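In: Coordinates only, no sequence provided:
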């Protein structure tokens with residue numbers, strides 16, 4: 001079976017060397033030495049100033065909403081993983097969906113201003129498949145209306161815009177380090193900001209709001225991660241450039257093989273390079289997608305309808321809303337297998353099966 005994704009695993013002996021350090025320190029959590037080392041090394045790799053290693057990407061979004069003290073409504077995209085919307089509701093706010101750009105699949109910045117009311121406090125946009133949003137336009141709108149900006153950058157590890165990390169835009173960016181991501185810690189997440197005061201607040205929030213042993217600064221949560229997960233991250237970080245280059249090469253192989261097929265691909269940001277996080281394609285119709293998906297599955301190839309359905313039509317705890325572009329794209333998009341251990345010959349085989 002060819003899976004749609006498979007986590008990269010470092011050599012076991014290298015991971016075990018980090019485990020030996022854990023056994024010697026006897027510190028398993030509470031931001032031990034490996035967690036702090038991982039933060040510093042990722043910060044250096046991503047070229048960012050302030051970074052937190054947290055439990056997962058969902059907790060990161062919740063902490064971002066809490067740290068920015070958001071209320072009322074948050075403009076967001078319906079074409080994303082459910083956590084983008086569910087965290088808004090979880091934190092007592094209301095998601096306001098804006099349709100996506102049919103080329104980039106990111107939130108359409110030309111439609112954001114029409115959705116802004118006195119109740120809107122922020123914009124939460126997703127860099128879909130790691131493809132950067134139009135950060136210049138979104139940040140300009142946010143400045144004009146005095147709104148906060150959170151970027152769900154779950155897929156955007158290592159992505160830059162014109163030589164600057166995409167994580168340096170907005171008030172807070174969050175990443176997922178889940179096992180399915182191109183860089184992972186098994187379970188985990190990251191939070192990034194350029195504001196030192198906001199960073200300090202996030203540090204408190206991550207650890208229950210503790211200021212010291214017996215005083216508190218803010219309402220907090222247990223957003224810490226463990227040394228065991230940090231060990232996986234440190235072992236994987238050594239290979240991150242190799243991982244990205246391999247996934248980019250496999251994506252290029254798909255591109256070459258699928259040139260003659262009647263399939264669409266997202267338009268990537270012109271000042272950015274695809275990090276190879278996913279390989280999505282669009283079919284002419286949902287009928288053709290379902291036919292192809294069945295044929296692939298019958299031949300041992302797993303795929304994923306990522307993202308389907310539109311969050312604006314699927315969640316039972318929000319007011320449902322039809323959005324023509326998202327509703328159409330969500331029915332026609334399919335992610336093909338892409339992971340480090342996937343073989344070029346397997347990509348060729350997959351492409352030969354696609355009509």
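Out: On my side now, so go ahead. Predicted model only: the values in this text are computed from it and were never measured.
In: Tell me which residues touch the closest residue to residue 320 other than its chain neighbours, please.
Out: Spatial nearest neighbour of residue 320, excluding adjacent residues (CB to CB, 6 or more residues apart in numbering): residue 313 at 5.4 Å. Glycine gets a C-beta too; all of them are placed from N, C-alpha and C. Under the criterion of CB atoms under 8 Å, 6 or more residues apart in numbering, the neighbours of residue 313 are 78, 320-322, 327.
In: how about these in a markdown table, adding secondary structure and distance to residue 190?
Out: Converted to a markdown table, the contacts of residue 313 look like this (DSSP: H, G, I helix; E, B strand; the rest coil; distance: CB to CB, whole Å):
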| residue | secondary structure | distance to residue 190 |
| --- | --- | --- |
| 78 | coil | 24 |
| 320 | coil | 32 |
| 321 | coil | 31 |
| 322 | coil | 34 |
| 327 | helix | 32 |
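In: In ChimeraX, how would I select just the buried ones from those residues?
Out: ChimeraX command restricting the contacts of residue 313 to the buried ones, with burial defined by 16 or more other CB atoms under 10 Å:
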select :78,321,327
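In: Give me the secondary structure label for the residue nearest in space to the middle of the chain.
Out: Residue closest to the average C-alpha location in the chain (CA atoms, centre = their mean): residue 154, at 1.2 Å. With DSSP: H, G, I helix; E, B strand; the rest coil as the basis, residue 154 sits in coil.
In: What's the separation between the residue lying closest to it once chain neighbours are set aside and residue 213?
Out: Using CB to CB, 6+ apart and skipping residues adjacent in sequence, the residue nearest residue 154 is residue 176, 3.9 Å away. For residue 176, the distance to residue 213 (CB to CB, to the nearest Å) stands at 32 Å.
In: List the residues that contact the residue nearest to the centre of the chain.
Out: Going by CB under 8 Å, 6+ apart, residue 154 touches 57, 81, 126-127, 174-176, 181.
In: Which two among these are spaced furthest apart?
Out: 126 and 181 (14.1 Å; CB to CB).
In: The two: which has the busier surroundings?
Out: Using other CB atoms under 10 Å as the criterion, residue 126 and residue 181 rank with residue 126 on top: 27 against 22.
In: can you give me the helices for the chain?
Out: Under the criterion DSSP state H, helices of the chain are mapped to 12-25, 33-46, 57-67, 83-90, 135-145, 196-206, 227-237, 240-257, 286-298, 311-314, 324-332, 344-353.
In: wait, which of these is closest to residue 105?
Out: Set against residue 105 and scored by CB to CB, the helices of the chain come closest in helix 324-332, at 6.4 Å.
In: tilt between that closest one and helix 286-298?
Out: Interaxial angle, helix 324-332 versus helix 286-298 (axes from the mean of the first three to the mean of the last three CA atoms, to 10 degrees): 30 degrees.
In: can you give me the mean pLDDT across helix 324-332?
Out: Here helix 324-332 scores 98 as its mean pLDDT.
In: Quick one: list the elements packing against that helix.
Out: Helix 324-332 is packed against helix 286-298, with contacts defined by 3 or more CB pairs under 8 Å, 6 or more residues apart in numbering; DSSP states H and E.
In: For the helix it packs on, buried residues please.
Out: Buried-residue list, helix 286-298, by 16+ other CB under 10 Å: 288-289, 292-293, 296.
In: Now do that helix: which elements does it pack against?
Out: helix 324-332, strand 333-335, helix 344-353.
In: ok, residues contacting that helix?
Out: Residues outside helix 286-298 that contact it (CB under 8 Å, 6+ apart): 283, 302-303, 305, 331-334, 350, 353-355.
In: go with 10 Å
Out: Helix 286-298 is contacted by residues 1-2, 4, 261-263, 281-283, 285, 301-305, 308, 328, 330-334, 336-337, 349-350, 353-355 when judged by CB atoms under 10 Å, 6 or more residues apart in numbering.
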